[in-house]
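Engineer: Provide a 3D model corresponding to the input given below.
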Amino acid sequence: MKYENKAFLFDLDGVIIDSEPNYDKFWNNTAKKYNISIDNFPAVIKGNTLKAILEKYFHNYPIEIQKQIIKESSDFELNMDYPPIPGALDFIRLLKDNNLPVALVTSSDNKKVHSVISRLKLESVFNSIVTANRISEGKPNPECFLLAAQDLKKNPHDCIVFEDSFAGIEAAHSANMKIIALSTTNPTHLLQEKSNIVIPNFNGITIQTLNSWVI
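Structural biologist: Okay, the predicted model is just below:
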């Protein structure tokens, strides 16, 4: 089978969990509260780490305000719901059951990731987990995906990335990885220009589907 030597790298928000609408609301409220006058601010920052967001958009704010935003973000993440994207958990477990290497590659920090993994009962599923705590630069820098490939001892060319954000897709492109985009956050027609395949969710995906994807 063509997929047997491949590794599968998953973003978290908008790929495994349907959290993006909640994040949009949070960051819209945050932008309004702290007078960030950027149109569609959630879309602009999507895929970025909190550290990168603070450095780029809040660097002129007092450190006390930045700490407050960090606390508000942490409280929000720990109390929000994490509904899975349809079929995502079954698909990840299908890969695991077939002894295929699976990585979680996210701009979220360790605290949130551990909470999500625990709630969704995904302990011991991922062969590699790359969070914001492990990288120096977030997406669209390819560092996170290259680190996951290194963890899995795979050539980047043999990695398939599941992403929903343009920053994540750009990072995967820069890492020379194949991209399967989820149309959970951005329109299909825009994703088709930047990825190999676009899917709405993981419902009905089988091992045979994987074989048709791997070129």
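
Engineer: what's stretch 163-175 in contact with?
Structural biologist: 9, 11, 13-15, 20, 46-48, 138-142, 144-146, 149, 156, 159, 161, 178-186, 190-191, 194-195 (C-beta atoms under 8 Å, 6 or more residues apart in numbering). Using the backbone N, CA and C atoms, a C-beta is placed for each residue, glycine as well.

Engineer: residue furthest from the geometric center of the chain?
Structural biologist: P62 (29.4 Å; C-alpha atoms, centre = their mean).

Engineer: mind giving me the ChimeraX command for buried ones among the contacts of stretch 163-175?
Structural biologist: Here is the ChimeraX selection string for the buried members of these, based on 16 or more other C-beta atoms under 10 Å:
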select :9,11,13,14,15,20,46,47,48,138,139,140,141,142,144,145,146,149,156,159,161,178,179,180,181,182,183,184,185,186,191,194,195
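
Engineer: so which of the contacts of stretch 163-175 are in strands?
Structural biologist: Cross-referencing the contacts of stretch 163-175 against strands under DSSP state E gives L9, C159, V161, K178, I179, I180, A181, L182.

Engineer: show me which pair in those residues is furthest apart.
Structural biologist: Using C-beta to C-beta, the two most remote members of the ones in strands among the contacts of stretch 163-175 are C159 and L182, lying 16.5 Å apart.

Engineer: for this protein, what spans make up the helices?
Structural biologist: Secondary structure of the chain (DSSP state H): helices located at 20-33, 41-45, 50-57, 63-79, 88-97, 110-119, 143-152, 166-174, 188-192, 207-213.
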